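Asker: fold the stuff below for me.
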Amino acid sequence: MVIVAQVVLAEDNPDHQRVIAEIVRRLGHDVIVTGDGVQGLEAVRKNRPALLIADVDMPHRNGLELCAEIRADPELAGTPVVLITAYLLPGDPRLAPAGAVGVVAKPFSVPALTESLRGYLAALAAPPHCGAMLDAVLDCLDTGVIAFDAAGRTIRSNRAMREAMGLGEPGEPVSAIGRQVNVRLWDGSGLPEERWPARRALRGEDVDAVQVLVTDPEGRERCYTVNARPVRDKTGAIVAAISAAHDMSTDRRTRQYEDCKNAVLRELATDPESADIADRVLTAIGTTLGWSYLRLWLVDDVTGRLHPVAMHADPDHPPLPLPASFAPGEGLAGRCWQNGELIWVPDISVADVPILPLVAAQTGYRSAGAVPVRSGDRVIGSITFLSRQRQEADPALGVLLSALAAMMGLVVEYRRAEGLSRHLAAVTDEYMALAGHELRTPLTSIGSYIELIAETPDDTPFGEVRDLFEVVHRNSSRLRDLVDQLLDVAALESGHIPLAHTPVDLTELVGRAMREAPEQRGIVVEGTRLDEVSVPGDRDRLRQVVDALLGNAIKFSPSDAAVTVSLADLGETAVLTIADTGVGIPAAEQAKLFHRLYRGGNARHTGIPGSGLGLALCRVVIERHHGSIALSSHEATGTTVTVRLPQ
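Answerer: From the prediction side, this is the model:
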């Protein structure tokens, strides 16, 4: 069966027109004859021929310019062209961009031209199902395949390549495709266009196993191993190039995850007790996985909110408009903490994702996620991450992140346990020494004066030994009070004494304590700010704390000084501040003042009375209310105590 094809002939020489047109007709095909390149282009656009035969040297628009116009038009780019030339010889590199399926040199003989055109037209007349068969075969391949003509424009691609690269209709130039998917090397460095596998094949190179990274239309990073080959006609001229890309993304991710695990383990093995271990672990994760920003959030026991404690960020990362803390369920970190589950957000720009709108709108990040940090069965925080690449939910990565977050939880708890252990050992030793001192002092007085009384003659009048009995009474009372306070503090710390849990008007409580503070040496108690604040707790114990702090401030202030009090409502917390202008406390002693029985050297040596249990009691009461108490002081300028209580 002979299939009639329509052929357009663009030839300015009338004699050559007649010869070539007659050969085409004798071969059984229709021919449309035009006299120059402009007419030839118009005929191609109008008739969409199966073949264009064009002379290279023509007026108005030569054959090479005609081919360039055709290749630039996506609807015409696939038109096969045979060039007839007396101007350029076959194999001349200037003919390659035309993408011709064949080149016939002038002068030609009728038999030679007939055989050449017969071959080209016979290929065009192949059964129509052959192209569909080839497409079906290519679409069965998982490897992406794409073909370019000599001008570097696509002429065929399979399903795998179209999906990976987001290809449209044939005719797209290789340069546009490469820029669209951002071709680069596996390490992320740039790859010049002249080194792209397809470009090298179009120059005649056989290209094998070039590893490249691209970004697909969904913003995901993909890794390929690419082979490419040139396609030559019978004369040896390059008429096309074929490129095949094997997707190695899964293999690369597997190696990447292994590198991430090893990097984290190296950091943990290097110096697990350093203060920056959490930052170093986050940097190891971010560097190996290519994530620009990670943050570790841990629960603050005082506020019951997440607060940031460690971070990794690329040097060029934009500042994030994040709040200082998150409540349960608030934002990505808060929701992860509340649910205790890994969260993936492949695209933070879509609606109804747990990302703060300002972060999604202003930072340029594409994907985000969060993984819970656990200590045993408790969720103690979360690790959040942001990436400029699209990050789909990946089960293998999810397992890795959960394991790394578990390691981070162990590090946090280990550091807490180590700190508590060292603190407990030091406090125990110090407590034993202080308790011995505070108990021996009154016992020494009691014992000594009893011995003096015992040695007094029996007939001595009581009035002469009354002073001795008063010393014994005073020290026994001091000893009894000391023991009572020690037992009170110990019972509070152990939880054996229950605390009430009712709303307490802290503003009224502080105001009354200020009004009832003892008046001594002309010292004035002033309120600089008293917000309306209510907290849940034990009213009597909180009053005990305020009285103790006011008493200390007054006791250590100079005559005619002022003690200032402020109570601020900071939303989640109430902050009570009491400041004096007294002698201050040496920096080396400040951390010990909340230990039981510890008294500052300036208090002991100046004869200022006290048991060393007031601040210890305040600390225990505030901690039982899930709050915190801190002290800052400078010698000769005074001391400020700050209490924070959750509302």
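Asker: geometric centre of this protein: which residue is closest?
Answerer: Nearest residue to the geometric centre of the chain (CA atoms, centre = their mean): Phe385, 2.4 Å.
Asker: just the CA atoms of the strand or helix carrying that residue, as CSV, please.
Answerer: Secondary structure assignment for Phe385, by DSSP states H and E: strand 378-387. Below are the C-alpha coordinates for strand 378-387, written out as CSV (Å, rounded to 0.1, in the frame of the first residue of the first chain):
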residue,chain,number,x,y,z
ARG,A,378,5.8,12.8,78.1
VAL,A,379,6.0,15.2,75.2
ILE,A,380,8.4,17.9,76.4
GLY,A,381,8.7,20.0,73.3
SER,A,382,9.0,19.9,69.5
ILE,A,383,11.5,20.4,66.7
THR,A,384,10.2,22.5,63.8
PHE,A,385,11.9,22.9,60.4
LEU,A,386,11.4,25.0,57.3
SER,A,387,12.7,24.2,53.8
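Asker: what residues of it count as buried?
Answerer: For strand 378-387, the neighbour count (16 or more other CB atoms under 10 Å) marks Val379, Ile380, Gly381, Ser382, Ile383, Thr384, Phe385, Leu386, Ser387 as buried. For the C-beta atoms, the positions are set from N, CA and C on the backbone; glycine is no exception.
Asker: and which of those is nearest to Gly204?
Answerer: Nearest to Gly204 among those: Ser387, at 40.0 Å, using CB to CB.
Asker: wait, that closest one touches Asp347, no?
Answerer: No - shown here, Ser387 and Asp347 do not form a contact pair, counting by CB atoms under 8 Å, at 11.0 Å.
Asker: mutual contacts of those two, please.
Answerer: Jointly contacting Ser387 and Asp347 under the rule CB atoms under 8 Å, 6 or more residues apart in numbering are Arg366, Ser367.
Asker: going along the chain, name the helices of the stretch 151-300 of the chain.
Answerer: 159-165, 174-181, 197-202, 249-270, 277-289 (DSSP state H, counting those that start in this stretch).
Asker: neighbouring contacts of the second one?
Answerer: Under the contact criterion CB under 8 Å, 6+ apart, helix 174-181 has outside partners 148, 152-154, 165-167, 193, 196, 198-199, 202, 214-216.
Asker: ChimeraX command for the buried members of those residues?
Answerer: The ChimeraX selection below is limited to those of the contacts of helix 174-181 classed as buried (16+ other CB under 10 Å):
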select :148,152,153,154,165,167,196,198,199,202,214,215,216
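Asker: quick one: which of the contacts of helix 174-181 sit in strands?
Answerer: Phe148, Thr154, Val214, Thr215 (DSSP state E).
Asker: can you tell me which two in those residues are farthest apart?
Answerer: Greatest spacing in those, by CB to CB: Phe148 and Thr215 (20.6 Å).
Asker: outline the domain layout of this structure.
Answerer: Per the record, the chain has its domains at 6-124, 130-247, 253-419, 498-646, by automatic domain parsing.
Asker: so which residues of the stretch 1-150 of the chain form helices?
Answerer: For the stretch 1-150 of the chain, the helices defined by DSSP H, counting those that start in this stretch occupy 14-26, 37-47, 63-72, 110-124, 129-139.
Asker: most tightly packed of those?
Answerer: helix 63-72 (a mean of 21; mean count of other CB atoms under 10 Å).
Asker: contacts for it?
Answerer: Residues from elsewhere that reach helix 63-72 (CB under 8 Å, 6+ apart): 10, 37, 40-41, 44, 52, 54-58, 61, 76-77, 79, 81, 83-85, 94-95, 97-100, 149, 151, 153, 171.
Asker: render the CA-only coordinates of that helix in PDB, please.
Answerer: What follows is helix 63-72 as a C-alpha-only set of coordinates in PDB (Å, rounded to 0.1, in the frame of the first residue of the first chain):
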ATOM      1  CA  GLY A  63      16.800  27.700   3.400                       C
ATOM      2  CA  LEU A  64      18.600  27.900   6.700                       C
ATOM      3  CA  GLU A  65      16.500  31.000   7.800                       C
ATOM      4  CA  LEU A  66      13.300  29.100   6.600                       C
ATOM      5  CA  CYS A  67      14.300  26.100   8.800                       C
ATOM      6  CA  ALA A  68      14.900  28.500  11.800                       C
ATOM      7  CA  GLU A  69      11.500  30.000  11.400                       C
ATOM      8  CA  ILE A  70       9.900  26.600  11.300                       C
ATOM      9  CA  ARG A  71      11.800  25.300  14.400                       C
ATOM     10  CA  ALA A  72      10.800  28.500  16.300                       C
END
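Asker: what mean pLDDT does that helix have?
Answerer: The pLDDT scores in helix 63-72 average 90.
Asker: can you check stretch 139-154 too?
Answerer: For stretch 139-154, mean pLDDT is 87.
Asker: equivalent analysis for stretch 238-256, please.
Answerer: Average pLDDT, stretch 238-256: 88.
Asker: just curious, which of the ones in strands among the contacts of helix 174-181 is nearest to Leu141?
Answerer: Using CB to CB, Thr154 comes nearest to Leu141 of the ones in strands among the contacts of helix 174-181, at 16.8 Å.
Asker: how far away is the closest one from Glu330?
Answerer: Using CB to CB, to the nearest Å, one gets 49 Å for the distance from Thr154 to Glu330.
Asker: same check on Pro107?
Answerer: Distance from Pro107 to Glu330, by CB to CB: 85 Å.
Asker: more neighbours: the two, which one.
Answerer: Legend: neighbour count by other CB atoms under 10 Å for Pro107 and Glu330, higher for Glu330 (17 against 7).
Asker: what separation do you get for the more buried one and Leu400?
Answerer: Here Glu330 is placed at a distance of 27 Å from Leu400 (CB to CB).
Asker: name the element the residue nearest to Ile585 when sequence neighbours are not counted belongs to?
Answerer: Of all residues not flanking Ile585 in the chain, Ser633 sits nearest, at 4.2 Å (CB to CB, 6 or more residues apart in numbering). Assigned by DSSP H and E, Ser633 falls within strand 628-634.
Asker: any buried residues in whatever helix or strand comes next after that strand, and which?
Answerer: Using DSSP H and E, the helix or strand that follows strand 628-634 in sequence is strand 638-646. The neighbour-count check on strand 638-646 (16+ other CB under 10 Å) flags Gly638, Thr639, Thr640, Val641, Val643, Arg644, Leu645, Pro646 as buried.
Asker: again, but for stretch 398-416
Answerer: Within stretch 398-416, the residues that count as buried by 16+ other CB under 10 Å are 400-402, 404-405, 407-413, 415.
Asker: just stretch 224-236 next, same as before
Answerer: Here stretch 224-236 shows Tyr224, Thr225, Val226, Asn227, Ala228, Arg229, Pro230, Val231, Asp233 as buried, counting by 16+ other CB under 10 Å.
Asker: and that stretch, how far from the chain's centre?
Answerer: Once both centres are worked out by CA atoms, centre = their mean, to the nearest Å, stretch 224-236 turns out to sit 43 Å from its chain's centre.
Asker: next: stretch 378-393.
Answerer: 6 Å.
Asker: name the helix or strand for His312, please.
Answerer: strand 305-313.
Asker: and the contacts of the next helix or strand after that strand?
Answerer: Under the assignment DSSP H and E, the closest C-terminal helix or strand after strand 305-313 is helix 331-339. The contact list for helix 331-339 (CB under 8 Å, 6+ apart) reads 295, 297, 299, 306, 322-323, 326-329, 342-343, 345, 354-356, 368-372, 379, 381-382, 384.
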